[in-house]
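Chemist: Okay, predicted coordinates and the sequence, questions at the end:
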Amino acid sequence: MLETFIIIFLSTLFYLAIANRMRNYIKILFYQGVLLFLVAAFQLKEFNVFNLILILLETIVFKAIAVPYCLERIIRHNGITRETEPFLPNFVSLLITTGIVVGSILLSGSIDDIILDKFFFVGAISAIFTGLYLIVSRRKILTHVVGYCVIENGVFILSLAVGNEMPAMVNLGVMLDIFASVFILGIFANKIGDVFHDVDIDSLSKLKD
Amino acid sequence: MITAIYIIVSACIFTGMALNRSRVASMVLSALFLLVQTMLTVHGLLHLGETELTYFSFDALGLILLLTLSIISFPAIIHSRIYLTKPIASATSAAVYNAAYVLLITAMTLGYLANHAAVTWIFTEITSLSAAVLIYHHRSKLALEATWKYFFVCAVSICFVFVGILFISLALLHEGCPDLFYSDLMAHKATLDTFWMKIGFLFIFTGYTAKLGLFPMFTAGVDAKDKAPAPSGALLASALMNLGFCGIFRVYAAISGTELAEWARMVMMVSALITLFIATIYMVRISNFKRMLAYSGIEHMSVATLGLCFGKAGFMAAMLHIVMHTFIKSGLFFHFTQLWRTYKSKMIDDMGGYFKLNPFGALVLLLGFVSIAAIPPSGLFFSELLIFTSMISADSWIIFGITVFLLTVLLWAFSRSMFRIIFLPASKPIEKLSISPWESVSQLILFVLAAYIGFNPPAFLGELLLQAAAMIS
């Protein structure tokens, strides 16, 4: 069951590579949040009830609902155009994402570990590098935020993999998620959107030598 | 016990600073903060090796860095005060500035002393938050751009560190150790799973380079030091970089002496040389004084990282190097506020004839330049010499050659800009301001202190360095 969820999670990464509209990104973030909720629910069997409820609430309320809702509102409020404006054609993006996933599968081949499931490793590493790729290959700053959320999701999967042995790490991961995302979205929604009306990275390239 | 008092009092001062709008009260709170900071440092020096609140240990490395931070926090707070009064900042923005400043120093202090990988990580995250607030002090478009870039890069890098910690925790779990204390890492270093340690070190190193200022994540730090007010830029360019060094070193210590050591050294060397190359390129065509200081900072950090790659002698020289660099670089940043008031510009092309406009300040700036460029009597000369000696004794002639070549070009570029500011006449007439020589005294003390440490390192510092060096093999 867990494997199925992670495979679906991997397929959302491919969709991220070729999605043309901002709204699709937000939908994907919502689905990823739901998938992480399911993975956490199935994986963290040895957690105490209170802690488990906290983590499940974080995934469903924060990752799946609050962050996508916030992004959606920013798009509407700032009148951001719908296109994702990639630097590279979608086909190339798809190839690169495939390369990332294949690369992490190959890397996982050298793991012989009883604690870490290879599925978790592949899912996490692919998500982290796909997120980085989204950040470097898209023009809109809001897409960078989406890329960061995807990296966070990858990190969360990894912390779930060792969650039963090290519950503290899952809690720390959740803390990172909430602190950093709230701060990033906060700066974005309150400051950048108001100061720079046309929000792509060209408007943030005044600082240079 | 003292650590608990420190945390509680700092938290109270932080809240007080954020709520308070009166200048007198904020002065009292600053003095109180410096008092607890000194108290913790002295207590740590007297109780070397002890652990408090489970997660904070007064070990040699942490204490050296803490002592350095505590020494520069005195002039840093004094210069922040000057900065906020000339011209007078609004009460609200001064309150936010002061609160973020206290939070930054506290987070760095606790980050140095943390003996648990996850605790270091948490305090590094807090430094990003407080630094972001300081960078955004001027509320301008450019400040916003720098804040956004800095915080975004730090958020990504902090994710990297977290992933690295997770991988290392896997290696520790196999040894039956469910916690992440550095002492556990050291105790099991011979048997830790090499695959997880390798990939964990790679992620942790990459993540902390955002703080340390090495390739690949150094870029945001340069913008941040440029846009942050000079007294906070001083901390970002010195003590905060040391926190990155501390984070990397503590994991590297668990790798040194194992079969991975050679590989880890290679990773650090490649990153340091690329950084040195980039710093040199930018220094040659630099036009902004603060960015020049920022690039000089990443240059010195790459030299220190190279030192770390060459055994115990190299590491001790590197530690000495970052301690003295902290004093000198923060002194130069403190001095920048006077340059700004004189020229109303950061651009080197707008500056000139500084000797006529501010004689004592120019003398101090010249001494600062001599110190940062590692020209004797600068203390950095000795540490660089020691680092080069350790390179040569390891027969790394190629690394030595590249480093010396790049440093020579960099020195040429740096001195060209500095001499222009101090000696050449300005391109347009500049009105002479009356700047009190007292404002330069703190910088002078810092530069002389760095030279003194280089010539004649105090015995207790030597002992702490030896103890810290015992962690690597």
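Modeler: Received it, and whenever you're ready, just let me know what you need. Residues are numbered from 1 along each chain as shown, chains lettered A, B, ... in the order given.
Chemist: Does stretch B:296-308 reach chain A?
Modeler: No: applying CB under 8 Å from any CB of the partner chain, one finds stretch B:296-308 separated from chain A by no less than 12.9 Å. (Each C-beta comes from the backbone N, C-alpha and C, glycine too.)
Chemist: Tabulate the CA atom coordinates of that stretch in CSV.
Modeler: Extracted as CSV, the C-alpha positions of stretch B:296-308 are listed here (Å, rounded to 0.1, in the frame of the first residue of the first chain):
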residue,chain,number,x,y,z
SER,B,296,37.0,39.2,0.9
GLY,B,297,35.1,37.3,3.6
ILE,B,298,34.4,34.3,1.3
GLU,B,299,38.1,34.4,0.2
HIS,B,300,39.2,34.0,3.9
MET,B,301,36.7,31.3,4.6
SER,B,302,38.0,29.3,1.6
VAL,B,303,41.5,29.7,2.9
ALA,B,304,40.4,28.5,6.3
THR,B,305,38.5,25.5,4.7
LEU,B,306,41.7,24.6,2.8
GLY,B,307,43.5,24.7,6.1
LEU,B,308,41.0,22.3,7.6
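Chemist: Run the chain-centre distance for that stretch.
Modeler: Chain-centre distance of stretch B:296-308: 11 Å, with CA atoms, centre = their mean, to the nearest Å.
Chemist: same deal with stretch B:27-40?
Modeler: Remark: stretch B:27-40 is offset 21 Å from the chain centroid, using CA atoms, centre = their mean.
Chemist: what bits of chain B have low per-residue confidence?
Modeler: Residue ranges of chain B with pLDDT under 70: none are present.
Chemist: Touching, A:Leu176 and A:Asn153? I think so.
Modeler: No: between A:Leu176 and A:Asn153 there is no contact under CB atoms under 8 Å: 12.0 Å.
Chemist: So the two - more neighbours on which side?
Modeler: Taking other CB atoms under 10 Å in any protein chain shown, A:Leu176 and A:Asn153 do not tie; A:Asn153 has more neighbours (27 against 22).
Chemist: and that one, that's in a strand?
Modeler: No: read with DSSP: H, G, I helix; E, B strand; the rest coil, A:Asn153 is helix and lies in no strand.
Chemist: if I look at it, how far off is chain B?
Modeler: To chain B, A:Asn153 is 11 Å away according to CB to the nearest CB, to the nearest Å.
Chemist: Quick check: which ranges of chain A have low pLDDT?
Modeler: In the predicted model, chain A carries pLDDT under 70 at residues A:193-202, A:209.
Chemist: So B:Thr194 versus chain A, what's the distance?
Modeler: Distance from B:Thr194 to chain A, counting by CB to the nearest CB: 11 Å.
Chemist: So what's the residue count around A:Leu52?
Modeler: By other CB under 10 Å, 18 other residues sit near A:Leu52.
Chemist: For the host helix or strand of it, enumerate the helices and strands it packs against.
Modeler: Assigning secondary structure by DSSP states H and E places A:Leu52 in helix A:49-57. Helix A:49-57 is packed against helix A:22-43, helix A:167-187, with contacts defined by 3 or more CB pairs under 8 Å, 6 or more residues apart in numbering or on different chains; DSSP states H and E.
Chemist: ok, and what's touching the helix or strand immediately after it in the chain?
Modeler: Next along the chain after helix A:49-57, taking DSSP H and E as the criterion, comes helix A:67-78. Contact partners of helix A:67-78, identified using CB atoms under 8 Å, 6 or more residues apart in numbering or on different chains, comprise A:22-23, A:25-27, A:29-30, A:33, A:80, A:142, A:145-146, A:149, A:181, A:185, A:188-189, A:193, A:197, A:199.
Chemist: got the residues of chain A near chain B?
Modeler: For chain A, the residues in contact with chain B (CB under 8 Å from any CB) are A:110-111, A:113, A:115-116, A:124, A:128, A:132, A:135, A:141, A:144, A:148, A:151-152, A:155, A:158-159, A:162, A:165-166, A:168-169, A:172-173, A:175-176, A:179-180, A:183-184, A:187-188, A:191-192, A:195-196, A:204, A:206-207, A:209.
Chemist: returning to that earlier point: going by neighbour count, which residues of the helix holding A:Leu52 are buried?
Modeler: Buried residues in helix A:49-57, counting neighbours by 16 or more other CB atoms under 10 Å in any protein chain shown, are found at A:Leu52, A:Ile55, A:Leu56.
Chemist: Residue 156: neighbour count?
Modeler: If you meant another chain, say so; for now it's chain A. A:Phe156 is flanked by 27 other residues according to other CB under 10 Å.
Chemist: try again with chain B
Modeler: 24.
Chemist: contacting residues for A:Phe30?
Modeler: Contact analysis of A:Phe30 by CB under 8 Å, 6+ apart lists A:Ala64, A:Ile65, A:Pro68.
Chemist: circling back: which among the contacts of helix A:67-78 count as buried?
Modeler: By 16+ other CB under 10 Å, the contacts of helix A:67-78 give A:22, A:25-27, A:29-30, A:33, A:80, A:142, A:145-146, A:149, A:181, A:185, A:188-189, A:193, A:199 as buried.
Chemist: nearest spatial neighbour of the spatially most central residue of chain A, skipping sequence neighbours?
Modeler: Nearest to the geometric centre of chain A sits A:Val150, at 1.3 Å (CA atoms, centre = their mean). Leaving aside its sequence neighbours, A:Val150 sits nearest to A:Gly131 (CB to CB, 6 or more residues apart in numbering or on different chains; 3.6 Å).
Chemist: That neighbour and A:His144 touch, don't they?
Modeler: No: applying CB under 8 Å, one finds A:Gly131 not in contact with A:His144, separated by 9.6 Å.
Chemist: Compute the inter-axis angle for the helix holding A:Leu52 and helix A:22-43.
Modeler: Calculated by axes from the mean of the first three to the mean of the last three CA atoms, to 10 degrees, helix A:49-57 forms an angle of 160 degrees with helix A:22-43.
Chemist: host element of B:Thr258?
Modeler: Per DSSP H and E: B:Thr258 is located in neither a helix nor a strand.
Chemist: measure it to chain A for me?
Modeler: 18 Å.
Chemist: so what's that residue up against?
Modeler: Contact analysis of B:Thr258 by CB under 8 Å, 6+ apart lists B:Lys189, B:Ala190, B:Leu192, B:Thr194, B:Met197.
Chemist: what's around the last one, how many residues?
Modeler: The number of residues packed around B:Met197, counting by other CB under 10 Å, is 26.
Chemist: Determine the three-state secondary structure at it.
Modeler: With three-state DSSP as the basis, B:Met197 sits in helix.
Chemist: Equivalent analysis for the second one, please.
Modeler: Reducing the assignment at B:Ala190 to three states with three-state DSSP gives coil.
Chemist: list the contacts for it?
Modeler: Counting by CB under 8 Å, 6+ apart, B:Ala190 makes contact with B:Thr258.
Chemist: And it, how close does it get to chain A?
Modeler: Separation of B:Ala190 from chain A (CB to the nearest CB): 19 Å.
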